[in-house]
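> Could you work out the structure for the sequence below:
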Amino acid sequence: MSTVLSAPLEVGFDYTRSLGPVLGRFVNGLRERRIEGVRGTDGRVHVPPVEYDPVTAAPLTEFVRLGEEGTVISWSWMAEPLEGQPLSRPFAWALIKLDGADTPMLHAVDADSPAQIRTGLRVRVRWADELVGHIRDIAYFVPVGAPDGTAPESPPVAKREEGAPVSIMITPVHLHYQHSASPEESRYLAGLAEGKLIGQRCPACGKVYLPPRGACPVDGVPTAEEIELPDTGIVTTFCIVNVPFLGQRIKPPYVAAYILLDGADIAFLHLVLGCDAADVRMGMRVRASWKPREDWWTSLENISHFEPTGEPDAPYESFAHHL
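Numbering: from 1, shown residues only. Have a look, this model is predicted:
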């Protein structure tokens, strides 16, 4: 097979942080259209407020209300905005020193072109249409005297009791890219679409790698010989997952284990189901449980999970060097 497989890949999660008393007061103030900084031991006012003095590391508690206007200290033009940024149209990232503050804060400035933004430009806050207690309650800044423009949607909000202050801030993070498999990986993935597990053997040491790597990491030589492996093997090491998390497809407890297929020299991570999680053990013999044929594609997801075969466990000595 000469075709190299390629597919879009997205990695995303909601970054969630607890705010504490200092940043909590800051974002709750934003929800009321109030910007507060904190005064350091040297008299400087920091915004966003810092929890500890950057010079002495002493905790800071003296809050100072700041103006909604400020001055651009420096800037950089964003000609092609990225997903999740404050504006979907070209804009400027700028360090803005608010009136009453001594340190600048980074935020977006809505300007029509680079010609409309400059160091020393006076700007004002454009508040979000819906205030939720988030840094994005400041939708962006606009030059003083300019119209507001259209604000983006508000960010997601953590659940809390009615009337309770904001104590958690959520920031979605997403990465999109096109992943291209190597020729060896492409043949392995194509094999999975046919219900086959195809590895490669090193001509020097004889080790069999699945998924194939194209070269042996021990000897550094190409691994051209392809080997079709059975869908049976043993559990080498495992973990019982007891903690729920966002996007989890299986209710805990369940087992994630490294499976060493018969004839392979490298284990790979998969699920072990079909028995009580407490019964999974090192050396347990398992067999792949494949999804229905109509659900197969070029993915290891074609194997739903592994389950015990009922055969006697493999002796530790037979897989100790594969841990």
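> Going by C-alpha atoms from here, please, whenever you check contacts or count neighbours.
Fine.
> now residue 8, nearest residue through space, not along the chain?
Once flanking residues are discounted, residue 8 sits nearest to residue 178: 4.4 Å by C-alpha to C-alpha, 6 or more residues apart in numbering.
> all helices of the stretch 51-200 of the chain, in order?
For the stretch 51-200 of the chain, applying DSSP state H, counting those that start in this stretch gives helices covering 183-192.
> which residues in it form strands?
63-66, 69-78, 91-98, 105-109, 122-127, 138-143, 168-180, 197-201 (DSSP state E, counting those that start in this stretch).
> Now mean pLDDT, mean neighbour count and distance to residue 33 too, for those, in CSV please.
Conversion of those to CSV gives the following (pLDDT from 0 to 100; neighbours: other C-alpha atoms under 10 Å; distance: least, C-alpha to C-alpha, whole Å):
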stretch, mean pLDDT, mean neighbour count, distance to residue 33
strand 63-66, 98, 17, 11
strand 69-78, 98, 19, 13
strand 91-98, 98, 24, 14
strand 105-109, 97, 21, 16
strand 122-127, 97, 22, 7
strand 138-143, 96, 24, 9
strand 168-180, 88, 14, 17
strand 197-201, 96, 24, 60
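> closest one to residue 16 among those?
When the strands of the stretch 51-200 of the chain are compared by C-alpha to C-alpha, strand 168-180 sits nearest residue 16, at 4.5 Å.
> what's the angle from the closest one to helix 183-192?
Strand 168-180 runs at 100 degrees relative to helix 183-192, counting by axes from the mean of the first three to the mean of the last three C-alpha atoms, to 10 degrees.
> From the contact counts, what lies against strand 168-180?
For strand 168-180, the elements it packs on are strand 6-18, judged by 3 or more C-alpha pairs under 8 Å, 6 or more residues apart in numbering; DSSP states H and E.
> So what are the sheet partners of the strand it packs on and their directions?
As defined by DSSP bridges, the strand partners of strand 6-18 come to strand 168-180 (antiparallel).
> Now find how far off-centre the strand it pairs with is within its chain.
Offset of strand 168-180 from its chain centre (C-alpha atoms, centre = their mean, to the nearest Å): 5 Å.
> what do you get for stretch 192-199?
Here the centre of stretch 192-199 is set off from its chain's centre by 29 Å, with C-alpha atoms, centre = their mean.
> how long is it from one end to the other?
11 Å (C-alpha to C-alpha, to the nearest Å).
> Please apply the same query to stretch 211-226.
One end of stretch 211-226 to the other measures 11 Å (C-alpha to C-alpha).
> residues in contact with that stretch?
Applying C-alpha atoms under 8 Å, 6 or more residues apart in numbering, the contact partners of stretch 211-226 are 184-185, 188, 198-205.
> quick check: mean pLDDT across it?
If you average the pLDDT over stretch 211-226, you get 92.
> Same check on stretch 305-319?
The pLDDT scores in stretch 305-319 average 96.
> Buried residues in that stretch, which are they?
Using 16 or more other C-alpha atoms under 10 Å as the test for burial, stretch 305-319 gives 305-309, 313-314, 319.
> ok, now stretch 77-91?
Of the residues in stretch 77-91, 77-78, 86-87, 90-91 count as buried by neighbour count, 16+ other C-alpha under 10 Å.
> could you dump these to TSV with distance to residue 230?
Putting these into TSV (distance: C-alpha to C-alpha, whole Å) gives the following:
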residue	distance to residue 230
77	56
78	53
86	51
87	52
90	55
91	56
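> right, and out of those, which lies closest to residue 258?
Lowest distance from residue 258 to the buried residues of stretch 77-91 (C-alpha to C-alpha) belongs to residue 86, with 42.4 Å.
> Now the closest one: phi and psi?
When read as degrees, to the nearest 10, the backbone of residue 86 gives phi -60, psi -30.
> Pretty sure it sits against residue 138.
No - the pair residue 86 / residue 138 is not scored as a contact, 9.4 Å apart, by C-alpha atoms under 8 Å.
> if we can go back for a sec, now that we have the strands of the stretch 51-200 of the chain, can you turn them into JSON lines and tack on distance to residue 19?
As requested, the strands of the stretch 51-200 of the chain are exported to JSON lines (distance: least, C-alpha to C-alpha, whole Å):
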{"stretch": "strand 63-66", "distance to residue 19": "16"}
{"stretch": "strand 69-78", "distance to residue 19": "25"}
{"stretch": "strand 91-98", "distance to residue 19": "22"}
{"stretch": "strand 105-109", "distance to residue 19": "18"}
{"stretch": "strand 122-127", "distance to residue 19": "21"}
{"stretch": "strand 138-143", "distance to residue 19": "17"}
{"stretch": "strand 168-180", "distance to residue 19": "6"}
{"stretch": "strand 197-201", "distance to residue 19": "48"}
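> burial count for the nearest residue to residue 202 once chain neighbours are set aside?
In this structure, residue 202 finds its nearest non-sequential neighbour in residue 223, 4.9 Å apart by C-alpha to C-alpha, 6+ apart. Burial of residue 223 is recorded as 22 neighbouring residues (other C-alpha atoms under 10 Å).
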